[in-house]
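Undergrad: Let's see this in three dimensions:
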Amino acid sequence: AAIQQKEALRAAAMQGNVKAQQQYGVLVAQHAAWLGRCRQQVWPQTQALWIRLYPCDARPWALDGVLDRIVNRGYNQINVEVFYNGRVLLPVNQNPTAWRSVMAGSGADNVDLLAQVIGKGRERGLAVHTWLFSMNVGADYVRRLDKQDAVAQNGLGQTSLTANIVPGMSVELGAVNPDEAFIDPYSVQVRRDYSQLVQAIAQYRPDGMLFDYIRYPRGYGVASVAGRVQDLWIYGESSHQTLLQRAFNYKGMELIQRFMNQGYLKPDDLQAASQLYPQDGDPNWQGLNPVKVNSKLPLTKQLALLQDELWQLVVAHASQGVLDYLATAIAALQYPMPIGAVFFPDGNLSVGKRGFDSRLQMWNRFPAALSWNPMAYGVCGKTDCIVSQILRVVRQSPPGTQVIPAIAGVWQQSVGNRPPLEQQMAAIYQAAPSIKGVSHFAYSWQEPGSDQERKYCRLR
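TA: Next up, the predicted model:
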């Protein structure tokens, strides 16, 4: 009844009824108070919803209706997608970034939806966190002539635009994202551009900021495992040069280059390196133990050890690029606010004797001061696989780390072989009652009609 009353008042307010506008404002404030008390008394204390906004949300009173639906479902936080598919949720006339505005060409180009959703959300008792893609910056960016050096490349001559990769889930139910493009995290240019983007969003002083896609792409089938140096996304110019600089002498640099080119070392590679740089001692680079590997060993033994050490070096280098890129983004923030990292619980897995998940998302090394937001999207028809993913993160998190699982689904119905949200929630609470926050992917799944209408409406 309260929901119907609020919607009726909003509809009347849209028609210019001043009294209805006043009554609507009173009811919105009342529901905000109710929501605050509810979430204090009912687990979880933070219940968040992921949402994408569209230019059609600039219509008068439209955003109010969307946020009302969210509050009606008991959410007290929204994670608003502000950078995705190479688009940024900034007005065209206030967009200092290297990316195009979501609003461009809509007829509402200079409407500031981000400012509106923060203000209207807070009026309703909603904490408003901004949600940004990170290493996936959109195909338009890397296709620009002045940005092509920023794209990530593997040793097979592929980029994420040409490789057969598994796309991430879109906000639409069951959809995937065809507009992905991953960058070389060592690129100074893209780090500078992304830092400027982060600063532009932070100027709005949201209640928090969430970084997503802090990883490399994942390939299909066998390509989902990185087991050779050529599988790693370290062949972009910036990453390549940074890797070579990890050598402590020229002989070490020569062997790193040959390992990247061939994927292995041959006996004559050691001999060639010694002839090229006779003034150097044994080859050396970051992380290499010269006591363990030295020229006094038999050649075959020395070669095997060097290859193992080189494999560890290139994997560590690729992983460090992801961590450094996140650190650069965090350093760009000029205002203190809660920061979170979004990741896959299995993104840091090792596979077999020497393989790794190709995403190389070493989330266990993310800063403990961040909230950890594992995307527990396991699909097994039950809650078991979802809970096991969450518990893996809880066990590996440092003491005091805030773990806020993200789960996918719909209330009161199974979707895509996923149990209803309430079943997932109950299982999480039973397994890890110390968790204080849970987020749900996504508004578009729960309100598909509203989402489709907002996505495809015409403003002019």
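Undergrad: number of nearby residues for residue 314?
TA: By the measure other Cβ atoms under 10 Å, the count of residues near residue 314 is 22. Placement of C-beta: from N, CA and C, glycine included.
Undergrad: Tell me the pLDDT of it.
TA: As predicted, residue 314 sits at a pLDDT of 98.
Undergrad: Look up how far residue 202 lies from it.
TA: 34 Å (Cβ to Cβ, to the nearest Å).
Undergrad: How about residue 91?
TA: Taken as Cβ to Cβ, the span from residue 91 to residue 202 is 16 Å.
Undergrad: What of residue 145?
TA: From residue 145 over to residue 202 the distance is 29 Å, taken as Cβ to Cβ.
Undergrad: Then residue 190?
TA: From residue 190 to residue 202 the distance is 18 Å (Cβ to Cβ).
Undergrad: quick one: which of the two has more around it?
TA: Remark: of residue 190 and residue 202, residue 190 carries more neighbours, 26 against 16, as counted by other Cβ under 10 Å.
Undergrad: Please enumerate residues in contact with the helix or strand hosting that one?
TA: Per DSSP states H and E: residue 190 is located in helix 188-202. Contact with helix 188-202 is made by 82-83, 88, 90, 95-99, 114, 130, 132, 134, 137, 147, 149-150, 183-185, 209, 238, 325, 328-329, 331-335, 337, as judged by Cβ atoms under 8 Å, 6 or more residues apart in numbering.
Undergrad: now with 6 Å?
TA: Residues outside helix 188-202 that contact it (Cβ atoms under 6 Å, 6 or more residues apart in numbering): 82, 96-98, 130, 150, 183, 328-329, 332-333, 335.
Undergrad: So which of those residues belong to helices?
TA: Members of these lying in helices (criterion: DSSP state H): 328-329.
Undergrad: Grab the two from the contacts of helix 188-202 that are most spread out in space.
TA: Taking Cβ to Cβ as the measure, the contacts of helix 188-202 span a maximum distance of 26.8 Å, between 150 and 335.
Undergrad: between these two, who's got more neighbours?
TA: Higher neighbour count among residue 150 and residue 335: residue 150, with 27 against 11, using other Cβ under 10 Å.
Undergrad: mind checking the end-to-end distance for stretch 218-235?
TA: Using Cα to Cα, to the nearest Å, one end of stretch 218-235 lies 16 Å from the other.
Undergrad: what's around residue 313, how many residues?
TA: Residue 313: 21 surrounding residues under other Cβ under 10 Å.
Undergrad: does it count as helix, strand or coil?
TA: Under DSSP: H, G, I helix; E, B strand; the rest coil, residue 313 falls in the helix class.
Undergrad: Mind jotting down where the helices sit in the stretch 351-460 of the chain?
TA: Here the stretch 351-460 of the chain has its helices, by DSSP state H, counting those that start in this stretch, at 384-396, 421-431, 443-446, 448-456.
Undergrad: for the ones you listed, which one sits closest to residue 170?
TA: Once the helices of the stretch 351-460 of the chain are compared by Cβ to Cβ, helix 443-446 is nearest, at 8.3 Å.
Undergrad: returning to that earlier point: so which of the contacts of helix 188-202 is surrounded by the most neighbours?
TA: Tallying neighbours with other Cβ under 10 Å puts residue 183 at the head of these, with 31 neighbours.
Undergrad: so that one bridges to which residues?
TA: Per DSSP bridges, the residues bridged to residue 183 are residue 151.
Undergrad: show me the contacts for it.
TA: Residue 183 makes contact with 135, 137, 150, 152, 190 under the criterion Cβ under 6 Å, 6+ apart.
Undergrad: Might one say that the third one is in contact with residue 186?
TA: It stands for residue 150. No: Residue 150 is beyond contact range of residue 186, at 9.7 Å (criterion: Cβ atoms under 6 Å).
Undergrad: contacting residues around stretch 215-231?
TA: For stretch 215-231, the external contacting residues (Cβ under 6 Å, 6+ apart) are 155-156, 160, 164-166, 182, 232-233, 260, 263, 314, 347, 351, 355-356, 358-361.
Undergrad: Repeat the analysis, applying 8 Å as the threshold.
TA: By Cβ under 8 Å, 6+ apart, the residues outside stretch 215-231 that reach it are 135-136, 152, 154-156, 160, 163-166, 180, 182, 232-233, 259-260, 263, 310-311, 314-315, 318, 322, 343-344, 347, 351-352, 354-361.
Undergrad: any idea how far it is from the chain center?
TA: Its chain's C-alpha centre and that of stretch 215-231 lie 18 Å apart, by Cα atoms, centre = their mean, to the nearest Å.
Undergrad: same deal with stretch 347-359?
TA: With Cα atoms, centre = their mean, you get 19 Å for stretch 347-359.
Undergrad: can you give me the mean pLDDT across it?
TA: On average, stretch 347-359 scores 95.
Undergrad: next one: stretch 183-200
TA: Computed over stretch 183-200, the average pLDDT equals 98.
Undergrad: Any buried residues in the helix holding residue 190, and which?
TA: Residues of helix 188-202 classed as buried by neighbour count (16 or more other Cβ atoms under 10 Å): 190-191, 193-195, 197-198, 200-202.
Undergrad: do stretch 113-129 as well
TA: 113-114, 116-118, 120-121, 124-129.
Undergrad: Looking at these, point me to the pair that's furthest apart.
TA: Most distant of these, by Cβ to Cβ, are 113 and 125, 19.8 Å apart.
Undergrad: if we take the contacts of residue 183, which one ends up nearest to residue 55?
TA: Lowest distance from residue 55 to those (Cβ to Cβ) belongs to residue 137, with 21.0 Å.
Undergrad: Now for that closest one: which residues touch it?
TA: Neighbours of residue 137 in contact, by Cβ under 8 Å, 6+ apart: 86, 99, 150, 181-183, 190, 194.
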